[in-house]
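Q: Below is the sequence, then the predicted model.
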Amino acid sequence: MNFLNRIRTLVIKELQSLLNDRSGRVLLFMPVILQTVLFPFAATLEVKNASLAVYNEDGGLASIELMQRFAASGAFTEFLPMQSQSQVEAAIENRDALLAVRIPEDFSRKLALGETAPVQVMLDGRRSNSSQIAFGYLQSIVDQYLKERSETAGRILPSEMVTRYWFNPSLDYPKYILPSLIAVITTIGSLIVTALSVAREREQGTFDQLLVSPLTPEMIMIGKAIPAMMVAFFQATLILLVAVFLYHVPFRGSLALLYTGMFFYSLALVGVGLLISAVSSTQQQAFLGAFVFMMPAILLSGFTAPVENMPQWLQYLTWPNPIRHFVEIVKGVFLKDASFDRIASLIWPLIVISACTLTAASVMFRRKTA
Amino acid sequence: MSEVVVSFREVSKSFKGMEMPALDAVSGEIRTGRITGLVGPDGAGKTTLLRLIAGLLEKDSGEIATLGHDPGKEAAEIRERVGYMPQKFGLYEDLSVLENLTLHADLRNVIGQERRETFDRLLEFTDLKRFADRFAGKLSGGMKQKLGLACALLGRPKLLLLDEPGVGVDPISRKELWGMVEDLVSQGIAVVWSTAYLDEAELCGTTLVLNEGKLLFSGTPREMTAPLEGQCYQLKNLSSGKRSLLTKALARPEVSDGSIQGHHLRLTFRKGEKLFSPDVIGAGETAEWAAVRPRFEDAFIDLLGGGPSGESVLAKHVRAIPSDDEVVIEAQNLTKKFGDFAATDSVSFQVKRGEIYGLLGPNGAGKSTTFKMMCGLLLPTSGKASVVGLDLRKSAGKARQKLGYMAQKFSLYGGITVQQNLDFFSGVYGLTGQRQREKTGEMADIFHLQPFLKSKTDSLSLGYKQRLALACSVMHEPDLLFLDEPTSGVDPVTRREFWTHINGLVERGVTVMVTTHFMDEAEYCDRIGLVFRGKLIANGTPDELKAMVATAENPDPSMEDAFIELVTGKENA
């Protein structure tokens, strides 16, 4: 009873300290609002508003139809008709066009004869990512055209590839970004809150005051951990609501699973934060420490680049990174209603990680306060 | 003979977010030929005034002329001829003594032959030549201030503004620093020495006394104390407890202020009042009056309307702890080493229930380290620190419930309200529900915190912060109270009030351990441990310590005399 009362006292004090202060409140809300507004637009991988240069040497019926299909697709907003190969090269070099299509003069003829009719595509390798995506659009248009053409001719293609993007059928990038944002923002929130709060108390001398009180180091740690987790949960919920109601990202999985994952995730992070705060004597050190942890952790989380694309040894290294598991949990629960077993297999690493970080933190805490 | 270097009239300055102006229509002048003391507790407006004079701040209203120029508008004109030594941050701790000097010389455009000569002169003057290559951060407090002084003296200023040069400097270095500054004055430089220590003020040629942004007094220290001449007395040879006698004496209508001095009482009488017979307060047959010279502090308190009443309302609200003469705080060969350096070197002492034990010593002597080990904040390298018979490190919860702690900077949570601080500290010590509400309400009444309960703690004045800190540390009615420089920087009336409470608590059986660098505060202690270079070099009652240094020439030494004598005695040994 006394134990719980003391923890409650600590938690209330911590929340009051956070919320009484205007800059503290701003710090809680601003990143959430800014990132939910900016990220889905800024970090989009979609290619929109690209321009396409077309050098049509053919002029036959088939080539014109193909060009009309390019125009109708909506993927390209600007068409630059080209008169020569050198013009095409100049257009790409000057970044007037992201990619260029050259239809050879015998295109329509070859098609009519039923022969293979190659089309040349030139991409701007300096913008490899976007041009490849645009190339994908182009390819699907050509495929579609050929398929329909052979169908009208009464022939059926020997095999056909139908691409369907599961869990995000329209390849909508906000749907990809927002669930991951839940992971990233709760990371920043809970890590900074725990890392800084102890250092701040050290700087102001209030930490000594806590240490001479009947509170044990464990109580102080719990008293720091709970408010940070509350902050993390609050921020995550905020993004969740924005994602579902503002960006209309469908939420397919189980809320309970998501929050269970979040619990262990924030526990792991709080352990890291407390560890940082135990070894730093000033807020500045704590802040730097938090960033030293956060930058590589986010980079190796699969948020920006898929973990599967990393070299094998690096993939092993990502295992102790709590963000990596949580990004998968959020995406899994959010987008594909991942099964309990699947999520459980992601949660247990988090339990292991939090057990390690919390133990390390409490050892350092005891050593530093002793 | 002496010329006016700075004059200011009706100067006011307010800062955003502060209710009271930092300076409120202050007038005065600064002359060559003597040290001008700018005196007042923290937050009185001393630094603001210095910065206005130096042209580092713009006044709101009034007039200032520094060396014949308006410092706000013509800062460039005076910059060359004004030396300003700020309280802190004046030195780069990661640069050596010489590098610091070079930097300041570059800034002041002292170059070539002139620079070499100036450096030689200043290093000679400050006796820092031996340490020219040492990092400024590694210097002692006194040496830092000397280096700061040297930097401020670089451009041969006509006016030297020193912001609290005595802070963090032990009495011995302070004397040296003072000697150097007097030397400068005799060279025709006008010097302003700002201070919160009233005994320092007493040495100044003339003083400007500030409190809460207002000028209380301007004149020589003698003029300051003159009105109290013949009204200050010591009551000697008391037969019963000094603390309860002080309470009784302060209750007399004749007495305006009083304090404890070793085994004696020191009282200030109201104008025109006569001495009362010591019998009236039960001081015993042998008690007798002795006239003493009024001090600057007496006069300051008089200007603020007299001292507080001698009765502690707080003490009435705490349970009495039966006196059992038991040793409740004990250090046995306590040692703390940081690498090779022994910050505390086999220190032993005992404190009995109901005693006030003071740890006294120069900065960096190890009193803070010793204190921290006693209250369990530091782990001793060897030896034992026990409190109420328990090792604080092992039986944390139980033992800690019995102690209250109040630190130098009043470690309160500044971002939350006064009520929230009270709730927090009472909650930490296990008070809940009805009892918690009663106790925090009681504290708010006792310490007059009612009007501020909903204010942010940071916005309180220093005096109220100090009251709140005391409230927070005694709410759980501790048996022991650890106070680490509890009255640093607060005004003398608040300090009196603080000690009234402490005395009251001690009368109820509370044991107090305190560190202080105020010599007059040391007088309140029953016993004092003098720490120097990590060792306990003297341990005894204030009167015993004074008796140790009494000589034929100085039969009645002050606490400061005792301190300096004992420390220098060890230094030369």
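A: That came through, no problem.

Q: wait, B:Y233 sits on B:H264?
A: No - B:Y233 is beyond contact range of B:H264, at 9.8 Å (criterion: CB atoms under 8 Å). C-beta coordinates here come from the backbone N, C-alpha and C atoms, glycine included.

Q: separation between the residue of chain A found nearest chain B and B:S426?
A: Nearest to chain B, among the residues of chain A, is A:T9, at 3.0 Å (CB to the nearest CB). According to CB to CB, to the nearest Å, A:T9 and B:S426 sit 8 Å apart.

Q: Quick one: end-to-end length of stretch B:505-522, please.
A: In stretch B:505-522, first residue to last residue: 17 Å (CA to CA, to the nearest Å).

Q: scratch that, stretch B:314-326 is what I was asking about
A: With CA to CA, one end of stretch B:314-326 sits 24 Å from the other.

Q: in that stretch, what counts as buried?
A: Residues of stretch B:314-326 classed as buried by neighbour count (16 or more other CB atoms under 10 Å in any protein chain shown): B:L314, B:A315, B:H317, B:V318, B:I321.

Q: same deal with stretch B:99-108?
A: So stretch B:99-108, judged by 16+ other CB under 10 Å, has buried residues B:N100, B:L101, B:H104, B:A105, B:R108.

Q: same check, this time on stretch B:112-128
A: Buried-residue list, stretch B:112-128, by 16+ other CB under 10 Å: B:R115, B:T118, B:F119, B:L122, B:L123, B:F125, B:T126, B:L128.

Q: Please name the nearest non-neighbouring residue to the first one.
A: Once flanking residues are discounted, B:R115 sits nearest to B:A105: 5.2 Å by CB to CB, 6 or more residues apart in numbering or on different chains.

Q: I figured the one you found hits B:L154, correct?
A: Yes - using CB under 8 Å, B:A105 makes contact with B:L154 at a distance of 5.6 Å.

Q: Spell out which residues are contacts of both of the two.
A: B:T118 (CB atoms under 8 Å, 6 or more residues apart in numbering or on different chains).

Q: How is chain A partitioned into domains?
A: For chain A, the structural domains run A:19-43+A:170-369, A:50-152, going by automatic domain parsing.

Q: is any part of the first one close to chain B?
A: Read it as domain A:19-43+A:170-369. Yes - counting by CB under 8 Å from any CB of the partner chain, contacts between domain A:19-43+A:170-369 and chain B involve A:20-21, A:24, A:204-206, A:208-216.

Q: can you give me the helices in the stretch 201-350 of chain A?
A: With helices called from DSSP state H, counting those that start in this stretch, the stretch 201-350 of chain A shows them at A:206-211, A:217-241, A:255-279, A:283-299, A:312-317, A:322-336, A:340-369.

Q: same check, this time on the stretch 451-573 of chain B
A: B:462-474, B:492-507, B:519-522, B:542-549, B:559-572.

Q: Those helices: which one's closest to chain A?
A: Across the helices of the stretch 451-573 of chain B, chain A has its closest neighbour in helix B:462-474 (8.2 Å, CB to the nearest CB).

Q: Looking at chain B, what residue ends up closest to chain A?
A: Counting by CB to the nearest CB, chain B gets nearest chain A through B:G427, at 3.0 Å.

Q: Phi and psi next, for that residue.
A: Here is the backbone geometry of B:G427 (degrees, to the nearest 10): phi -70, psi -40.

Q: give me every residue that touches the closest residue to it other than its chain neighbours.
A: Spatial nearest neighbour of B:G427, chain neighbours left out: A:T9 (3.0 Å); criterion: CB to CB, 6+ apart. The contact partners of A:T9, by CB under 8 Å, 6+ apart, come to A:G223, B:D423, B:F424, B:G427, B:V428.

Q: From those, pick the one nearest B:S368.
A: B:S368 lies nearest to B:V428 out of the contacts of A:T9, by CB to CB, at 23.5 Å.
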